[in-house]
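J.: Below is the sequence, then the predicted model.
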Amino acid sequence: MIKDGEVVCNLTAFDLVNPREERWAGTEASADIRQVGEQHLLILGKKLPADSLSDYRLVLVQDITELYADMEKQAWLFAEIYFAAVVLSVLIIFLITGRLLKPLRKLQQAAADISEGRLGQRAQAGSKDEIGAMAASFNRMADRIEEQVRELEKEKVSAQRGMLLGSLTHELKTPMTSIIGYSDTLLHVKLSEERREQALYRIHDECRRLERLSGKLMNLIGLYDNDSIRLEETEVEDLFSRVADLEEYHLEECGMTLETRSDGQMRRLDRDLFESLLINLIDNAVKAGKEGDAIRLEAAGNEISVTDQGSTARRSAPRYREPLSLRRIW
């Protein structure tokens, strides 16, 4: 209680520093919160109406430190709740986003697998939303691509088999020509018993070679992508002698000679198919040459070569790099 600016009664544990403060001079209560040390104080004051000439003022002081502590605790609690809510929201969004993007990742992986040649891969199209519809469309596209690739592979195999069938026909021509030539000689030329036996032996040998060669070429046609060629150690000089015997009749008709030269080494090759290769090269050399020319068949180091004195048309040069066919040897 304050009377005329002096404290006349104080029931609190605090002292007023300025009892004459004008904020309490009105009849309306005035409130103020002040911090004294670690304490927070609520101060209310007003002028008391009185008939006397004295000025009476009533000031109430209340310690609200605990209230401030509770407010601070609530503020920290709200901050923790807010932080936890933010973290939980981010986690939920991450999980939801991951679940939504999972079909897209699988679709992307399926597309990558197909681009690398694994055409059997498909995307999961279990959902009925836009992603599921897109996955279903992707799978239909993949099915169509796989079907077209199969058709192209069938066409490729058919083309390869057709080429090999043509090669088979061409390769059978050489031994058949020899057989016809020797048989014609037996029919129309009077030979000694030794020459007759030699001609019959050549016919028999050509028939056996024809049988082996046709069998191998048919294997190539049926198993084009497999290794159907048997490589064996072969004496090159013996191989050259055999080729020279097979081409003797043809070269005599054309007035040309075959010179062979070997280093005496062994080579790992398929004898029947290599004979056919060398015969093709020699036949082409005969076509490119003229009467009196000599064709050289040589083996040196890692090379076996057929050299002629003819010339190859310039228009044929770009075809050297085409896939090898036994009937496309220049």
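T.: Done, it's in.
J.: contacts, neighbours, all on C-alpha from now
T.: OK.
J.: Wait, a helix at I279?
T.: Yes - the assignment for I279 (DSSP: H, G, I helix; E, B strand; the rest coil) places it in a helix.
J.: Next one: it, what pLDDT does it get?
T.: Per-residue confidence (pLDDT) for I279: 86.
J.: Could you do S228 as well?
T.: Listed pLDDT for S228 reads 56.
J.: Centroid-nearest residue for this protein?
T.: With distances taken as Cα atoms, centre = their mean, E116 lies nearest the centre of the chain, 3.2 Å away.
J.: Can you report phi and psi for it?
T.: With angles defined as degrees, to the nearest 10, E116 sits at phi -90, psi 0.
J.: What count of nearby residues applies to the nearest residue to R20 once chain neighbours are set aside?
T.: Nearest non-adjacent residue to R20, counting by Cα to Cα, 6 or more residues apart in numbering: G5, 4.8 Å away. Neighbour count for G5, taken as other Cα atoms under 10 Å: 15.
J.: can you give me the helices for the stretch 151-300 of the chain?
T.: For the stretch 151-300 of the chain, the helices defined by DSSP state H, counting those that start in this stretch cover 193-222, 236-254, 271-288.
J.: what does the stretch 1-150 of the chain give?
T.: Secondary structure of the stretch 1-150 of the chain by DSSP H, counting those that start in this stretch: the helices cover 65-115, 130-188.
J.: Report the rounded mean pLDDT for the longest one.
T.: What it means is helix 130-188. What helix 130-188 shows for mean pLDDT is 73.
J.: elements contacting that helix?
T.: In terms of contacts (3 or more Cα pairs under 8 Å, 6 or more residues apart in numbering; DSSP states H and E), helix 130-188 is packed against helix 65-115, helix 193-222, helix 236-254.
J.: Just send the helices of the stretch 1-150 of the chain back as CSV, with distance to R57 and mean neighbour count too.
T.: Listed next are the helices of the stretch 1-150 of the chain as CSV, based on distance: least, Cα to Cα, whole Å; neighbours: other Cα atoms under 10 Å:
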stretch, distance to R57, mean neighbour count
helix 65-115, 25, 13
helix 130-188, 78, 15
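J.: could those go into CSV alongside distance to L297?
T.: Listed next are those as CSV, based on distance: least, Cα to Cα, whole Å:
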stretch, distance to L297
helix 65-115, 48
helix 130-188, 18
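J.: and E197, which of those helices is closest to it?
T.: helix 130-188 (9.9 Å; Cα to Cα).
J.: Would you mind getting the angle between that closest one and helix 236-254?
T.: Going by axes from the mean of the first three to the mean of the last three Cα atoms, to 10 degrees, helix 130-188 is angled at 70 degrees with respect to helix 236-254.
J.: roughly how far out does helix 130-188 sit from the chain middle?
T.: Centroid separation between helix 130-188 and its chain, computed with Cα atoms, centre = their mean, to the nearest Å, is 27 Å.
J.: what do you get for stretch 92-108?
T.: So, by Cα atoms, centre = their mean, the centroid of stretch 92-108 is 24 Å from its chain's centroid.
J.: now swap in stretch 84-103 and tell me
T.: Centre-to-centre, stretch 84-103 and its host chain are 32 Å apart (Cα atoms, centre = their mean).
J.: Just the mean pLDDT for that stretch, thanks.
T.: Averaged over stretch 84-103, pLDDT sits at 87.
J.: In contact with the residue nearest to L258 when sequence neighbours are not counted: list those residues for me.
T.: Leaving aside its sequence neighbours, L258 sits nearest to I295 (Cα to Cα, 6+ apart; 4.9 Å). Contacts for I295 (Cα atoms under 8 Å, 6 or more residues apart in numbering) come out as M256, T257, L258, E259, I282, A285, V306, T307, D308, Q309.
J.: TSV for these, including distance to E22, pLDDT and neighbour count?
T.: Formatted as TSV, these follow (distance: Cα to Cα, whole Å; pLDDT from 0 to 100; neighbours: other Cα atoms under 10 Å):
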residue	distance to E22	pLDDT	neighbour count
M256	141	92	17
T257	140	92	19
L258	138	92	18
E259	137	92	13
I282	131	89	26
A285	131	89	23
V306	128	91	18
T307	129	90	14
D308	131	87	21
Q309	132	80	13
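J.: quick revisit: between the helices and strands packed on helix 130-188, which gets the lowest average pLDDT?
T.: helix 193-222 (a mean of 72).
J.: follow-up on the earlier one: per-residue pLDDT, the residue nearest to the centre of the chain?
T.: We have a pLDDT of 76 for E116.
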